[in-house]
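**Student:** I'd like to go over a predicted model; first the sequence, then the structure.
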Amino acid sequence: TAVGASRPTLWSEELATWNAARRSWSQLSHLLGHEDLVIAPYYVFMHGRVRLFGDSELSLRMPSILAVTATAGLVAVLGRRLYSPRVGLLAGVLFAVLPNVSRYGQEARAIAFTAMFATLATLVLIEVLHEPRWWRWLLYAAAVIALGAASVIALLLLIGHGVFAAGHWWQTRN
């Protein structure tokens, strides 16, 4: 994902991230009060990141690059947990080489974070259902909150989680 990430120039949506991240805190607050509220957590994160690491194209895209890299690892762990180490490795590698993964991994937008938090929440749910512990539920809640912060619409994943949890309960109720 990192190969060539600094070459294409920023496109309109990335320019919105760049614009929000370069504003002062008061200007950013004003922007979020009038538009782009659903992406506010990402803009606030990028605002702080730009202050620390600058606003070059690669710097703006690096969080997404790291997020898709983490997601590939999480997909591998999820595949291993559900099936086998071989399936996990294959799933992680296949995820990593998908063209859309590279595309979204090279964008200064919240999409890569959405994928990462969705995969993390799913993995934690599997662990919670296997061995319920209060701290795992807390971790699941944190992953879901992070998912909602990355993309409100991604919370529709909770429907699938509910169906999966109900199926698990049905199979293990005896």
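**Tutor:** Done, it's in.
**Student:** tell me the secondary structure for Gly4?
**Tutor:** Gly4 falls in the coil class when you classify it by DSSP: H, G, I helix; E, B strand; the rest coil.
**Student:** got a list of what it touches?
**Tutor:** Gln106 (C-beta atoms under 8 Å, 6 or more residues apart in numbering). Every C-beta, even on glycine, is put in place using the N, C-alpha and C of the backbone.
**Student:** Same check on the one 10 residues further on?
**Tutor:** Counting by C-beta under 8 Å, 6+ apart, Glu14 touches 60-61, 107-109.
**Student:** Could you rank these by neighbour count and give me the top one?
**Tutor:** Using other C-beta atoms under 10 Å as the neighbour criterion, Ala108 leads these with 27 neighbours.
**Student:** so it is in which element?
**Tutor:** Using DSSP states H and E, no element contains Ala108; it sits outside every helix and strand.
**Student:** mind checking the backbone torsions on it?
**Tutor:** phi -80, psi 70 (degrees, to the nearest 10).
**Student:** Okay, now the unreliable bits of this protein?
**Tutor:** Applying pLDDT under 70 to the chain picks out residues 174.
**Student:** ok, 90 please
**Tutor:** 1-16, 18, 28-39, 57, 102-104, 108, 172-174 (pLDDT under 90).
**Student:** where along it do the helices fall?
**Tutor:** 12-22, 25-34, 40-53, 57-82, 85-97, 99-105, 111-130, 134-150, 157-172 (DSSP state H).
**Student:** Can you tell me how far the spatially most central residue of the chain is from Gly79?
**Tutor:** In the chain, the C-alpha nearest the mean C-alpha coordinate belongs to Phe113, at 2.1 Å (C-alpha atoms, centre = their mean). Remark: distance between Phe113 and Gly79 (C-beta to C-beta, to the nearest Å) = 21 Å.
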